[in-house]
Each structure stands twice: as C-alpha cells, then as structure tokens.
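S.K.: please find the sequence and the predicted model below.
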Amino acid sequence: FENQRSHLMGLFLPTVPEFVEEDHREAQRPYPLEAGKPLRLTAQIHVDGHANDALTAVDRWTELYDVPEPATLPHGTYEGEIQFSMKGYLDSLWVPEEKQWWTTKGGGVMSNKARPQTFVADLLVGSLLSPDTSVREACRQRAEEVLALTGGEARIDRLRLGDHPDLGMANLDEAAGLLAARGKDGAWRFDADQKRGIPFVGMDYHELGPDNAVEVGTCARNAFVVLRYARVAGDRDAYERMLPTLELMETFEVPRAAQVWEVPVHTPDILAAADAVDAYLEAYRFSGNERWLRDAVTWARRGLPFVYLWDDPEKPFLRGATIPVFGATWFQGSWFGRPVQWNGLRYANALFDLAEHDKSYPWQQIAELVVRSAIHQQDLEGENVALWPDNISAIDSKKCAWVFGPRLILWTVFTLIGRPENPRTMILRDKDHCIPITTIGQLRDGAWEANVVRFNVVYPVGQQGVVLVANVTRPERVFVGGQSVPAQSDVQASEQSGWHYDDAHAWIAIRVPRDGQSAVRLEGVQYRDVARLPQLAERIAFEFDNSTEGFVAANHLAENTPGEGLLHARITGPDPYLIRTVLRVDSASAPQVVIRMRTDAGGGGQFFWSTESSPGFAEQRSTRFAVQSDGQFHEYRLDLKEHPAWNGQTITGIRIDPAGGTNAGEVGIDYVRAAARDR
C-alpha cells in the first residue's frame, strides 16, 4: 500500500465485493448498519518464535477448531452418489445418434466425442452398486451397447488396464522416456521455448518464467511415474536412478510450477503438492525408507492452505473446495476465490494413499472433504446433470461453462467404498532382493519361501483381475484356488484361470476370474533380475540378436520374445503393433527405414513415428506398405526423406503395425535399420 514496504494486519468490514471493490480499502457503497444491532470483529493472533515453517498456523487452527466434518451427501450414501453420477453417462454426455459420449462439454476444441473404456467400466460398477434396479439395468445396457461397437469384454479390470495388464500396471516405456528426458542433476525443467508443443498458441512462455527453471512441480509428476514403475516392477536400478531427483525435490519449501501451461513458475500450486506426495509415497513403498514417508507428509501439509476448511450455508460446495494456485493465468485471470476441484481430487487421491501409512493428520477426512465438495458441484438437473465445472466462483457460485463427466469424482468415491482403481503392490523381500506382487484389488498373507511364492488376492463383488508377479523365473506350476492352472499365451482373452510368463521382463501375469478371495501359489520360482528399461538410441539399428532392444508389444500382440536373432510375436487382435520410444534420431541420418519381416497374417503394414515437436503417434506421421503374408522373409524399404512430417525432425519414437485387420497370425522381425540410400 502507498508504495511502502510495510505490513498491515487487520479485520475488515464491510465485505468485498458487495461493498468494497477488489484491491481497495474503502467502501464504494454504504454498509446499512441497523440501529441497536451490534457488530463485533474478533481475532486470535498466533505467534511462535520456534516455528519450523509458516504452516504451524494451519496446525494451530486445526488444534483449536478441528478439521470440519465433510458436507452431507446430496444423495444420502456413496452408492446413491454413484447412481446419480450414472446420469452423466446415460444422459448428459451421451450423443444418441452417434452412440458415443462427449468426453467434456463446453470446452471448445478441448471437448471431443469418443467411447472411452473408462466410461464403460464406470457403467459396469454402476450396474453393480446403484440402489435402483432400473438404473442398474440401464447401465448394463449402455455398457453392452458401446462394447458392441468397440469390441471387448464386459470386465471392469480389463477395461481399466487394457489387453496388456502387465504394461498397464508397469509402464516401462513411459518410465524410460521420462528418464531419458531428465537432466544430469536429476531435474525436469520448465520449457519456456516450448520445443515440445505449444498449449496456448501465440503466447510467449518466457513471460511465465525463465527457460530451464526447476521447481518441485516440474519434477514431481514425472518422478511419481518412474517410481510407480519401479514399485510395480521391483526395479531397484530405476529407483536408485531417481534418488538425485528425490533429494533435489527436498530442497524446495513451497509447491510451485505444476501448471506452467498457463500459470507462472513462481506461483504456489496445490497440484505440485499432490504430485510430490505421490512421488515420495512411491519411493517409500518401494524402499521402506522412513525419510521418504516424512517427505510425503511434509508435502501433504504444504497442500493444506489451498483447501477451504469453512463454508457458507448457501454454498455447500465451499467446505473442502480447493484453490488451484495462489496466482493468476498469464498474470491476468486470478484464481483466488475460484476453486478448481479436479486439482483437489488429485490431492485427495494422494491423501487417501498417505492415510494408509501416516496418522499425524486426519488425511482421510481432509480428502473426503475435497471429494464431497466436488459432488456438491455436480448439476442436479438439466442438460448438464451430474456434470461439474472446471472452476466455480466462491463468491457467487457461478460455474465455468467447461464441464466434466463424473470420472474423476468416481475415481475417488470408489476408493472410499473399498474399490480403489490404483494398483496395489505387496513386496516380498529377502536380504538383498524383492518380489513385488501387484493387482487392482487387495493382497494378503504373502510369503516367499525357497522356491515358492504364495499370497491371497481379494476382489470386490463383480470384479475379477490379473495379478503381476515380477522378478521371478518361469514357474513350474501355478495354483489358483487350490487348482493347478495352465500357461496361456493371452491371459486376458481367457475366461479361465491361467498364467503367462514374459521372459524378456521376468514377470508373470496370473488371471483370477472370480471375485472374493483366491489363494495363489507359484512353485518352482526363483528370484531373477533383468534390465527392462530401453536405453536411449540415437540410431535406428535394431537387430534383435539377444533381446527385444526396447520394443514393446503394445497392442494385440503376445509372446513378444527374442530368439534365433529374431523378434517373435503372435497376433491376437485386429490392430497389432509394437512401439519403441526413447529415441533421439536425426531424420537426416535415416532417409529410409528398412524392415525385414515375415508374417502369415494378411492386411497391410504401417510405420508410425513421433518427433520432438510432435509427441505421440498419429496418422499424419506414418506411411503404409504392402505386406506379403506367405510366412517368408521380405525386406520392406520405406522411403521417408520426402515425407514432410519426417524431414528435418528429431525422431523420438517408432511404431510398427505388421499387419492390420486380422485376428491371428505370427510375426518375426529380423531387423529394423536406417538406410542412407537405395542399394
């Protein structure tokens, strides 16, 4: 105020904005003071000369007033809320003439139509838990209607994890790509030059902060993804490679820079706190090191100032609402007083996980406050029934026009009722090694004795699952529910118990086709350590002499194994493809790509690529080639030097579709090479 570097603390009446405009200290409109009606302003000032941080004020506040109870549920129970949320999939998002959904509404180019498998999975849960039988039946019918168009089975776990549940739980390709993009000091940095794409076209991102700036928010989400992979795969090397990042993140005190697509780097940010909690929890789960748990608690505390712990009776959404940042989009659009609850739901999900390991704060209750705020932001009727806004005004309750489906709300509600979607891991250890066991369900009574691994897995009513056991040799026998079960090439395709061993990754996927508790026993297994993560390749030169060389069977392919100098795979569906990321190849060094391959499957082949400026595989970055399906080796030479999406680019990933439109067949790839010129 008045160009003075002084501090002013006080209580203010009348209120903003009814009587006082923003950024003013005097009222523009008179306050009507009624005769004989006293007004009283009271305050408590907390002074602590020994405080470790400013958050002791929040600690003291909760000591005095407690964390409030979550708002009353509008529909009585969480099952009632699930049933109400189904209206989003049955009514407000559904486009009947196209038989697909709006993924969001009112977001312009950010709102699209599709048939997401996660929506179908939510409908199947709604068909199990909705109190009204007519709603349960409507959910089942809508799910089957969509599956008839997309293909697939009405199984919740398969819809959540896809046809490759091992990769759905242990995404080694994503982890490897992030590690390759990280700096030598362990940091991921803010890209003010926007070399990887421009979220807001025409804006100068240098306005948001210096290029290569580092904050906890530029690192934490990526750290979480890599450490989640390390936990599920039992990959000690990946964990140890993350130690510099974890130590770097400890040097920051304020959560910042998780939303630098529009918010300045310096801005305090709840999403950065949520991501840091997630990252440190993953490090703790893998290692058992209490240091990382203390760090997770620290970052959870640093998220508390973003959460409203009071409310207005006329605004039931306010209690538990979450401010996204203490700042503004491009220094103009202020987020003070404008909760963004999808940020809060990410924070709540992290708190649910933290509550399993730490009782120093009522984390579960705080998370539930946030979830119920989101529920109160759903429209109760009209064309957007069960949808909720990107943001809402804490002053007048006005909602943003961009509204979302119930997916994120249900994600947290399912956790509250004991049906969490996040894969859970039990780690069995000896002195030097670990065997992680992971599934979407509960794991109990695990033991590793000599060459036997055993555990119990429990799935909720109506849900089945696949269990991933990593760091093991091929078992001699596998038992599920006391019965010996056979090896299968594709565990997701079978309705019976079975297992598949992936030699390249040293893990086994076990199908458990029933809900309730099942005992699982692996006999004749030993610990086995393998290097799974693909290394950075600066040339397209893959020979497959001894390994898959980082190629992942990403879709409709099974038994992706090296042998006899070849990469073998079996086609299991109409859209088979392999991907290899973690590349940094100058396209000028590869004007042609040569694939020597044999297949007995019909259909044409296609070669995709991603670039530094255009991440992800897309039709405009691809070329097609005719495939001879006679089971003999043929060399396919792809001329790319004139392709506008190849020429002058840095290639960061390639994808090979060996044959399309078929559901069965064998593929063998001898090599994938760059060729400088025609022979």
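M.R.: Looks like it came in fine. Numbering: from 1, shown residues only.

S.K.: name every strand pairing with the longest strand along the chain and say which way it goes.
M.R.: Counting by DSSP state E, the longest strand found in the chain is strand 665-675. When pairing is defined by DSSP bridges, strand 665-675 lines up against strand 541-542 (antiparallel), strand 566-571 (antiparallel), strand 592-599 (antiparallel).

S.K.: export it as CSV, just CAs?
M.R.: In CSV, the C-alpha atoms belonging to strand 665-675 read as follows (Å, rounded to 0.1, in the frame of the first residue of the first chain):
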residue,chain,number,x,y,z
GLY,A,665,-1.1,-65.0,-37.1
GLU,A,666,2.7,-65.0,-36.4
VAL,A,667,5.2,-62.2,-36.9
GLY,A,668,9.0,-62.5,-36.9
ILE,A,669,11.2,-59.3,-37.4
ASP,A,670,14.8,-59.9,-38.3
TYR,A,671,15.9,-56.2,-38.2
VAL,A,672,14.8,-52.6,-38.3
ARG,A,673,17.5,-50.4,-39.8
ALA,A,674,18.1,-46.9,-41.2
ALA,A,675,19.4,-46.9,-44.8
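
S.K.: remind me which residues of this structure are low pLDDT?
M.R.: 1-2, 195-199, 677-679 (pLDDT under 70).

S.K.: centre-most residue in it?
M.R.: residue 225 (8.0 Å; CA atoms, centre = their mean).

S.K.: what's the following helix or strand after the helix or strand hosting that one?
M.R.: Under the criterion of DSSP states H and E, residue 225 resides in helix 216-233. Counting by DSSP H and E, the next helix or strand C-terminal to helix 216-233 is helix 236-241.

S.K.: which other residues reach the helix or strand just after that next one?
M.R.: Where DSSP H and E defines the elements, the next helix or strand beyond helix 236-241 is helix 243-249. Contact partners of helix 243-249, identified using CB atoms under 8 Å, 6 or more residues apart in numbering, comprise 182, 185-187, 214, 216, 219-220, 223, 276, 279-280, 283, 292, 295. Backbone N, C-alpha and C define where each C-beta goes, glycine included.

S.K.: measure residue 49 to residue 57 for me?
M.R.: Counting by CB to CB, to the nearest Å, the gap from residue 49 to residue 57 is 13 Å.

S.K.: the two: who's more crowded?
M.R.: residue 57 (15 against 4; other CB atoms under 10 Å).

S.K.: can you tell me the element the more buried one falls in?
M.R.: Going by DSSP H and E, residue 57 is part of helix 56-65.

S.K.: what residues does that helix touch?
M.R.: By CB under 8 Å, 6+ apart, helix 56-65 touches 44, 46, 48, 301, 304, 305, 309, 361.

S.K.: tabulate these (CSV), appending secondary structure.
M.R.: Below are the contacts of helix 56-65 laid out as CSV (DSSP: H, G, I helix; E, B strand; the rest coil):
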residue, secondary structure
44, coil
46, coil
48, coil
301, helix
304, helix
305, helix
309, coil
361, coil
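
S.K.: how close does residue 368 get to residue 579?
M.R.: 39 Å.

S.K.: neighbour count: the two, which is higher?
M.R.: Applying other CB under 10 Å to residue 368 and residue 579 shows that residue 368 carries more neighbours, namely 24 against 19.

S.K.: tell me where the stretch 501-650 of the chain has helices.
M.R.: Per DSSP state H, counting those that start in this stretch, the stretch 501-650 of the chain carries no helices over any range.

S.K.: surely residue 88 and residue 388 touch.
M.R.: No. Counting by CB atoms under 8 Å, residue 388 is not a contact partner of residue 88; they are 9.2 Å apart.

S.K.: who has more neighbours out of those two?
M.R.: Set residue 88 next to residue 388 and count neighbours by other CB under 10 Å: residue 88 wins out with 29 against 26.

S.K.: now that one: closest residue in space, sequence neighbours ignored.
M.R.: Once flanking residues are discounted, residue 88 sits nearest to residue 386: 3.8 Å by CB to CB, 6 or more residues apart in numbering.

S.K.: what residues are up against that neighbour?
M.R.: Counting by CB under 8 Å, 6+ apart, residue 386 has contacts 84, 85, 86, 87, 88, 91, 92, 378, 379, 405, 406.

S.K.: thinking again about what came up before, what residues does the longest strand of the chain touch?
M.R.: Residues from elsewhere that reach strand 665-675 (CB under 8 Å, 6+ apart): 539-544, 557, 565-571, 576, 578, 585, 589-602, 629, 631, 633, 637, 654, 656, 658-659.

S.K.: mind redoing it with 6 Å?
M.R.: Counting contacts by CB atoms under 6 Å, 6 or more residues apart in numbering, the residues outside strand 665-675 that touch it are 540-543, 566-571, 590, 592-601, 658.

S.K.: buried ones only from the residues you listed, please, as a ChimeraX command.
M.R.: The buried residues among those can be selected in ChimeraX (16 or more other CB atoms under 10 Å) with this line:
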select :540,542,543,566,567,568,569,570,571,590,592,593,594,595,596,597,598,599,600,601,658
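
S.K.: picking that back up, turn the contacts of helix 56-65 into TSV, columns for neighbour count and distance to residue 647.
M.R.: Shown next, in TSV, are these (neighbours: other CB atoms under 10 Å; distance: CB to CB, whole Å):
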residue	neighbour count	distance to residue 647
44	7	68
46	13	64
48	11	63
301	18	52
304	20	52
305	17	50
309	19	57
361	19	56
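
S.K.: can you list these in CSV and add distance to residue 162?
M.R.: Output for the contacts of helix 56-65, formatted as CSV (distance: CB to CB, whole Å):
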residue, distance to residue 162
44, 54
46, 51
48, 51
301, 36
304, 36
305, 38
309, 39
361, 36
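
S.K.: was I right about residue 239 contacting residue 228?
M.R.: No. With contact defined as CB atoms under 6 Å, residue 239 does not reach residue 228; the gap is 10.9 Å.

S.K.: higher neighbour count, the two?
M.R.: Taking neighbours as other CB under 10 Å, residue 239 and residue 228 compare with residue 228 leading, 24 against 20.

S.K.: from residue 324, how far out is the nearest residue to the more buried one once chain neighbours are set aside?
M.R.: Once flanking residues are discounted, residue 228 sits nearest to residue 282: 5.2 Å by CB to CB, 6+ apart. Residue 282 is 23 Å from residue 324, where distance means CB to CB.

S.K.: sticking with the residue lying closest to residue 80 once chain neighbours are set aside, tell me its helix or strand.
M.R.: In space, and not counting its chain neighbours, residue 80 is closest to residue 131: 6.4 Å by CB to CB, 6+ apart. Using DSSP H and E, residue 131 sits within no helix or strand.

S.K.: and for the one 5 residues further on?
M.R.: Assigned by DSSP H and E, residue 136 belongs to helix 133-150.

S.K.: now that helix: how far from the chain's centre is it?
M.R.: Centre-to-centre, helix 133-150 and its host chain are 26 Å apart (CA atoms, centre = their mean, to the nearest Å).

S.K.: elements contacting it?
M.R.: Other elements packing on helix 133-150 under the criterion 3 or more CB pairs under 6 Å, 6 or more residues apart in numbering; DSSP states H and E are helix 117-129.

S.K.: just the buried residues of the helix it packs on, please?
M.R.: Buried residues in helix 117-129, counted by 16+ other CB under 10 Å: 117, 119, 120, 121, 122, 123, 124, 125, 126, 127, 128, 129.

S.K.: got the contact list for the last one?
M.R.: For residue 129, the set of contacting residues under the criterion of CB under 6 Å, 6+ apart consists of 79, 82.

S.K.: again with the first one
M.R.: Contacts here follow CB under 6 Å, 6+ apart; on that basis residue 117 touches residue 159.
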